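>>> next input, structure requested:
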Amino acid sequence: MIDFADVVRRALREQGKSLRGAAGELHYDVAYLSRVLNGKQAPSPELVQALNEFLGLSLEVESAARHDDEMDAWELARRVQASDVGPATLSRLEKSFDELAMTYPKANPEDLLRKVRKHSAYVVRLLDAKKTLSEHRRLLVVGGWLSLLGATVHIDLMEDDAAAARLRTASTLAREASHPEIEAWCQETEAWRVLTEGDYMRAVEISRTSQDMAPAGTSAMIQATAQEGRAHARLGNASETYRAIDRVQKMSASVGTPDTPEHHYRYDPTKALSYTATTLAWLGDSAAEPYAREVIRRLSPSDDVSKWPRRVASANLDLALALLKEDRLDEACDAAQKALLSGQVAPSNHWRALEVVRAVEARELPGSADLREAYQTLKAIEQSRPAGS
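Numbering: from 1, shown residues only. Next comes the predicted model:
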C-alpha cells in the first residue's frame, strides 16, 4: 500500500513547493495539512483530489474517507437501490450542482470551492461503480459541470494552474459525454481568464471558438458572444463591440427569463444588462450609465453594501467609469467607493477596481486618497484571508 504522506512530501520537495505554500494555494489550514503529512490525521477525499491536481499525482487512498453527513446519507440511499449508482443519487448530485451554481454570485469563493471539491470527490467514487450507460453519461455530465464551476472559482481567486487543470477535466468529461454546451462553456471561461490577463486578441479568438462549439440558443452561445464583445471593447474596436452587444441583447430576449436567473450558467436579461454596462464602460461610452443603474436597482437588496451580490459591485465600477467620462466626479468617486467597501470585488476583478482608482487619481480629485485607501484595504483583506480546513 502506498504511503500517501511520503509520496506527497516527496512531490512537494521535487517541485520546490513548501507546505505553507501548498496550504495557501489549496485553501486548507496549514496545521491540518501538516497533521495529514505527518500521519496524524487521515486525508479527506477532497484533499486527496486537490493534492492530485496540484502536484500532478494520481493517488488513491482507502483511508482518505471521512464522515460527511450529506454524503453518508446519499451513500446509504444508493446502496439499497438495484443499481450501484441509481437515478435518485444522480438527481441529488444534479440538484446539488444547480444549488452551488445559484449560490455562486454571492458565495465566498473559498467556501464554494470546498463544496465543489466535496461533490467532485463523490463523483469520482461513483465512476468506478456498476451502472448503466445512461447513468454513466449523467455522471460524466454532472462531473463536467462541477469541474467547470471549480475552474470558474479558481479564476476568481487568480489560481491559474488549478483553473487550467479543472477546465481540462471538464472538457474531457464533456467530450466523453458528448455534451457540447459544457465544452463551449470551458472555452468561454478560458476566454474570460485570458481577458483578465490583458490578452484581448486571444480572448476574441477563444470566444469565437466557444461560439462555434455552442448549440444555438444556449446560454453558452450568448455568454461567449458577450465575452467577444468585452474583448473588442478593451481593444477599442467600436463597431465590433456594438455588433456583439446587439447580438447578445437579441439572443437574451429570445431566451427570456429562466426559472433560476441567479444560476451562473443560465443567461437572463439582467445578465445582459450587466454585460452591456461593462462593455460600454470599457469602450468609453457614457451610455453605460443607465444600464449600470438598472442593474443596481434590480439586484441591490438594500443600502447595506455588504449584502450586495458581485454583479452590483461590478455595476458600480462600470457606473464610476461612465460618470468620469461625463465629468461627474463626486458621483463617480461615490460609486467606486461603494464597490470597494462592499467586499464583493473578486480578486480576478481587482484590476477593474484599480482602473477606476487610477482614473480618479489622474484627475487629482479630492476623494482619490480615500479611494486608494479603500482599494489597498480590499487587497489586504484578500491577502490575509485564512485558508479553510
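>>> quick one, helices of the stretch 201-350 of the chain?
219-235, 238-255, 269-283, 288-299, 310-325, 329-341, 350-362 (DSSP state H, counting those that start in this stretch).
>>> now do the longest helix seen in the chain: distance to the chain's middle.
Secondary structure of the chain per DSSP state H: the longest helix is helix 133-156. Remark: helix 133-156 is offset 13 Å from the chain centroid, using Cα atoms, centre = their mean, to the nearest Å.
>>> contacts only, for the nearest residue to residue 311 once chain neighbours are set aside.
Distances taken as Cβ to Cβ, 6 or more residues apart in numbering place residue 274 nearest to residue 311, at 5.1 Å, with adjacent residues excluded. Placement of C-beta: from N, CA and C, glycine included. Going by Cβ atoms under 8 Å, 6 or more residues apart in numbering, residue 274 touches 291, 295, 311, 314-315.
>>> out of those residues, flag the one nearest to residue 107.
The shortest gap between residue 107 and any of those belongs to residue 311, at 13.1 Å (Cβ to Cβ).
>>> how far away is the closest one from residue 364?
As judged by Cβ to Cβ, to the nearest Å, residue 311 and residue 364 stand 31 Å apart.
>>> mind checking which of these two has more residues around it?
Neighbour totals were compared for residue 311 and residue 364, and residue 311 leads with 24 against 7 (other Cβ atoms under 10 Å).
>>> wait, the more buried one sits on residue 106?
No: the criterion here is Cβ atoms under 8 Å, and residue 311 misses it with residue 106 at 9.6 Å.
>>> poorly predicted segments of this protein, please.
Confidence mapping of the chain against pLDDT under 70 gives the ranges 1-2, 61-84, 301-308, 381-389.
>>> residue nearest the centroid of it?
residue 152 (2.6 Å; Cα atoms, centre = their mean).
>>> before we move on, the earlier item: what comes up buried for the longest helix of the chain?
Within helix 133-156, the residues that count as buried by 16 or more other Cβ atoms under 10 Å are 135-156.
>>> what does stretch 245-253 give?
Judged by neighbour count (16+ other Cβ under 10 Å), stretch 245-253 contains these buried residues: 245, 247-249, 251-252.
>>> can you lay out those residues as CSV showing distance to residue 347?
Shown next, in CSV, are the buried residues of stretch 245-253 (distance: Cβ to Cβ, whole Å):
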residue, distance to residue 347
245, 27
247, 30
248, 26
249, 30
251, 30
252, 28
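>>> looking at those, spot the one nearest residue 330.
If you rank the buried residues of stretch 245-253 by distance to residue 330 using Cβ to Cβ, residue 245 comes first, at 28.8 Å.
>>> still on that earlier bit, what angle do the longest helix of the chain and helix 310-325 make?
Per axes from the mean of the first three to the mean of the last three Cα atoms, to 10 degrees, the angle that helix 133-156 makes with helix 310-325 is 40 degrees.
>>> contacts for the following helix or strand past helix 133-156, please.
Using DSSP states H and E, the helix or strand that follows helix 133-156 in sequence is helix 160-176. Applying Cβ under 8 Å, 6+ apart, the contact partners of helix 160-176 are 25, 53-54, 140-141, 143-145, 147-148, 150-152, 154-155, 179-180, 182-183, 185-186, 189-190, 193.
>>> now residue 99: how far from residue 169?
From residue 99 to residue 169 the distance is 21 Å (Cβ to Cβ).
>>> which of those two has more neighbours?
The neighbour count for residue 99 versus residue 169, taken as other Cβ under 10 Å, is higher for residue 169 (20 against 12).
>>> what about that one, distance to residue 182?
11 Å.
>>> common neighbours of those two, please.
Common neighbours of residue 169 and residue 182 (Cβ under 8 Å, 6+ apart) are residue 144.
>>> who touches residue 228 in this structure?
Neighbouring residues of residue 228 by Cβ under 8 Å, 6+ apart: 191, 203-204, 207-208, 211, 240, 244.
>>> which two among the residues you listed are spaced furthest apart?
191 and 240 (14.8 Å).
>>> those two: who's more crowded?
For residue 191 versus residue 240, the count of surrounding residues by other Cβ under 10 Å is larger for residue 191: 27 against 16.
>>> how near is that one to residue 207?
Distance from residue 191 to residue 207, by Cβ to Cβ: 4 Å.
>>> residues that sit against both of those two, list them.
By Cβ under 8 Å, 6+ apart, residue 191 and residue 207 have these common neighbours: 224, 227-228, 231.
>>> next, format the contacts of residue 228 as JSON lines and append distance to residue 350.
Below are these laid out as JSON lines (distance: Cβ to Cβ, whole Å):
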{"residue": "191", "distance to residue 350": "19"}
{"residue": "203", "distance to residue 350": "18"}
{"residue": "204", "distance to residue 350": "23"}
{"residue": "207", "distance to residue 350": "22"}
{"residue": "208", "distance to residue 350": "27"}
{"residue": "211", "distance to residue 350": "28"}
{"residue": "240", "distance to residue 350": "27"}
{"residue": "244", "distance to residue 350": "25"}
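>>> can you tell me which of the buried residues of stretch 245-253 is nearest residue 14?
Nearest to residue 14 among the buried residues of stretch 245-253, with distances taken as Cβ to Cβ, is residue 248, at 47.0 Å.
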